[in-house]
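S.K.: Structure, please.
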Amino acid sequence: MRHPKEKKMSYLSAVVYDPPKVGFPYLAVIFDTSGEVLSARAVPNPDAGEAFLAEIMTKFAREHGLEVK
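M.R.: Below is the predicted model of the structure:
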C-alpha cells in the first residue's frame, strides 16, 4: 500500500487514500484541523483524486481571498 499524498492549506489537509480492497474506489478527502471531514469524493484513480482536491482547495482559497499560484 502506498502512503497517501497530503497537501496542506494552513488549516486544511487534503489526502487521497488507496482503496481498502480490490473493487473499491480511491477516496479524496479534505479535513479541517480538528479532523472533521469538509469534503470527500470517491474517485477512480489517484490522478482524479488529486484533480478533485486541487479544484476544491482552489475554490476555497479564492472564496477566502487567498492567492492561488
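S.K.: Got the confidence number for the residue nearest the centre of the chain?
M.R.: With distances taken as Cα atoms, centre = their mean, residue 14 lies nearest the centre of the chain, 3.5 Å away. At residue 14, the model reports a pLDDT of 93.
S.K.: Does it touch residue 32 like I think?
M.R.: No. Shown here, residue 14 and residue 32 do not form a contact pair, counting by Cβ atoms under 8 Å, at 11.0 Å. Every C-beta, even on glycine, is put in place using the N, C-alpha and C of the backbone.
S.K.: Residues that sit against both of those two, list them.
M.R.: Shared contacts of residue 14 and residue 32, defined by Cβ atoms under 8 Å, 6 or more residues apart in numbering, are absent.
S.K.: can you pull up the bridge partners for the residue nearest to the centre of the chain?
M.R.: Bridge pairing for residue 14 (DSSP bridges) gives the partners residue 7, residue 30.
S.K.: Strands of this protein, residue ranges please.
M.R.: In the chain, the strands defined using DSSP state E lie at 5-9, 12-17, 26-32, 37-43.
S.K.: Can you show me the CA trace of the third one as PDB?
M.R.: Going back to what we said before, that points to strand 26-32. Extracted in PDB, the C-alpha atoms of strand 26-32 (Å, rounded to 0.1, in the frame of the first residue of the first chain):
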ATOM      1  CA  TYR A  26      -9.800   5.700  -4.100                       C
ATOM      2  CA  LEU A  27     -11.100   8.300  -1.700                       C
ATOM      3  CA  ALA A  28     -10.200  12.000  -1.800                       C
ATOM      4  CA  VAL A  29     -10.800  13.800   1.500                       C
ATOM      5  CA  ILE A  30     -10.300  17.400   2.900                       C
ATOM      6  CA  PHE A  31     -10.100  17.700   6.700                       C
ATOM      7  CA  ASP A  32     -10.100  20.700   9.000                       C
END
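S.K.: This completes my enquiry, with thanks.
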